[in-house]
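Undergrad: Kindly generate the corresponding structure for this input.
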Amino acid sequence: MSAGGTLEVHAPDGMPEVVDGDDLVGLVLGVLGPGPVDGPVDGSVDGSVDRLVDGDVLVVTSKAVAKVEGRVVPGTREEHLDAETARVVARRGPTRVVRTHHGLTLAAAGIDASNVEPGRVVLLPRDPDASARRFREEVLARTGRNVGVVVTDTAGRAWREGQTDIAVGAAGLVVLDDHAGRVDAHGNPLLVTAPAVADELAGAAELALGQLGARPFAVVRGRGDLVLAAGDHGPGASALVRAEGGDLFGWGAREAVVRAVRAAADDAAPFGTPATPEDLLDALRTALGPYGASTTVVGPGLLRVDTVHAADARTAGGLAAVAFAHGWVCAPDPAAAPGAYLLRPVVPGPPVGP
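TA: Numbering: from 1, shown residues only. Okay, the predicted model is just below:
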């Protein structure tokens, strides 16, 4: 895909506070100005965007969508956090980073207590992609304009201070611009470059929206190449969510240790698919250190570890925890001397060679 070098973002003032049952599309179009007109439409005389054109992207905050969908509830974040959580990823004191039922990884499940009356909180929309699709269809029906829609929320980033807006819902939009198979100007292949353009649009819009500006939507113009044909809603923002086990950081640092030692079957998925025998053996050498172990291949997908200090609790416990975290199971070898363990991957893998 390609686009020109100009991107316009306009977040107009004048939007009223929205409540449950409001016509959000109607309110947005009312702020933008009259309905469809014939021919191309430019900005108004003061440079603002007062009408939509085909190829525009409407970026709407999840809070505005949630409010009109009745997701404002009485209580505190803590009172609603468990219900909005699929699993806890990491915890530091009172702060919980969780994976929501949408698959999003957010602090406090994205529950927001700002810009809402005291004693109430705003939950994320139940299905942000579906919300974006309905919004897009209504815009097309009322204006005849084919636009993309992004529903945004604010999120932190691993390894980085601060927050930025991301796309939690999308419709009619390429959300991931996969460059695999392309080459750069020097002929080098682009193997893993895949800009999350829906997130980039969300971040660009947030600069105009502001956190305290009472501007719940923005129009982004200049990336019509990312907008899909009318009726084609695309994969939605859910396509940007990695499946369980696909992320290198499925657990927080402390939680990963606890879950590996606990070794419950329902904790295994975030650790990912089984590691190769080579990676597992390298991890065992690192973890066990001077306690050591010798390893032999018993058969395809089956290793036997003979520990140097069979009676040492650290050896047996560490062996089991490291194996679990790497997608392998560990059990004493009944046909060998004490201190010998058999290890096999949880799911069938390639044969283990000598």
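Undergrad: okay, and for the stretch 101-250 of the chain, where does confidence drop off?
TA: Along the stretch 101-250 of the chain, the model assigns pLDDT under 70 to residues 179-181, 190-192, 212-213.
Undergrad: Now do the helices in it.
TA: 128-143, 197-209 (DSSP state H, counting those that start in this stretch).
Undergrad: got those helices as a markdown table, with mean neighbour count and distance to residue 83 columns?
TA: All C-beta atoms are positioned from the backbone trio N, CA, C, and that covers glycine. Compiled in a markdown table, these are given as follows (neighbours: other Cβ atoms under 10 Å; distance: least, Cβ to Cβ, whole Å):
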| stretch | mean neighbour count | distance to residue 83 |
| --- | --- | --- |
| helix 128-143 | 20 | 17 |
| helix 197-209 | 22 | 26 |
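Undergrad: wait, what's in contact with the closest residue to residue 62 other than its chain neighbours?
TA: Spatially, and ignoring its direct neighbours in sequence, residue 62 is nearest to residue 153 (4.3 Å; Cβ to Cβ, 6 or more residues apart in numbering). Applying Cβ atoms under 8 Å, 6 or more residues apart in numbering, we find residue 153 in contact with 61, 62, 63, 104, 106, 110, 124, 165, 166, 168.
Undergrad: Residue 325: what's its closest spatial neighbour, skipping adjacent residues?
TA: residue 260 (4.1 Å).
Undergrad: Look up phi and psi at the one you found.
TA: The phi and psi torsions at residue 260 (degrees, to the nearest 10) take the values phi -70, psi -40.
Undergrad: That one - how many residues pack around it?
TA: Counted with other Cβ atoms under 10 Å, residues neighbouring residue 260 total 20.
Undergrad: Surely it and residue 326 touch.
TA: No: Residue 260 is not in contact with residue 326 according to Cβ atoms under 8 Å; the separation is 9.1 Å.
Undergrad: Find the residues that touch each one of these two.
TA: With Cβ under 8 Å, 6+ apart, residue 260 and residue 326 have common neighbours residue 271.
Undergrad: what comes up buried for the strand or helix carrying residue 89?
TA: Using DSSP states H and E, residue 89 falls within strand 85-92. By neighbour count on 16 or more other Cβ atoms under 10 Å, the buried set for strand 85-92 is 85, 87, 88, 89, 90.
Undergrad: and the two most separated of these?
TA: 85 and 90 (12.2 Å; Cβ to Cβ).
Undergrad: who touches both of these two?
TA: In contact with both residue 85 and residue 90: residue 96, using Cβ under 8 Å, 6+ apart.
Undergrad: then the strand holding residue 89 to PDB, C-alphas only?
TA: The C-alpha trace of strand 85-92 is given here as PDB (Å, rounded to 0.1, in the frame of the first residue of the first chain):
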ATOM      1  CA  THR A  85     -10.800 -10.300  33.500                       C
ATOM      2  CA  ALA A  86     -10.000 -13.500  31.600                       C
ATOM      3  CA  ARG A  87      -6.800 -13.900  33.600                       C
ATOM      4  CA  VAL A  88      -4.300 -11.800  35.500                       C
ATOM      5  CA  VAL A  89      -1.000 -11.200  33.600                       C
ATOM      6  CA  ALA A  90       0.900  -9.300  36.200                       C
ATOM      7  CA  ARG A  91       0.400  -7.700  39.600                       C
ATOM      8  CA  ARG A  92       2.300  -5.000  41.400                       C
END
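Undergrad: which other helices and strands contact it?
TA: strand 95-100, helix 253-262 (3 or more Cβ pairs under 8 Å, 6 or more residues apart in numbering; DSSP states H and E).
Undergrad: and the angle from the shortest one to strand 85-92?
TA: For strand 95-100 against strand 85-92, the angle by axes from the mean of the first three to the mean of the last three Cα atoms, to 10 degrees is 150 degrees.
Undergrad: For residue 278, grab the count of nearby residues.
TA: Residue 278 has 10 neighbouring residues, counting by other Cβ under 10 Å.
Undergrad: And residue 337, by the same measure?
TA: Residue 337, neighbours per other Cβ under 10 Å, totals 8.
Undergrad: ok, back up a step: format the helices of the stretch 101-250 of the chain as a markdown table; extra columns: distance to residue 231.
TA: Below are the helices of the stretch 101-250 of the chain laid out as a markdown table (distance: least, Cβ to Cβ, whole Å):
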| stretch | distance to residue 231 |
| --- | --- |
| helix 128-143 | 9 |
| helix 197-209 | 19 |
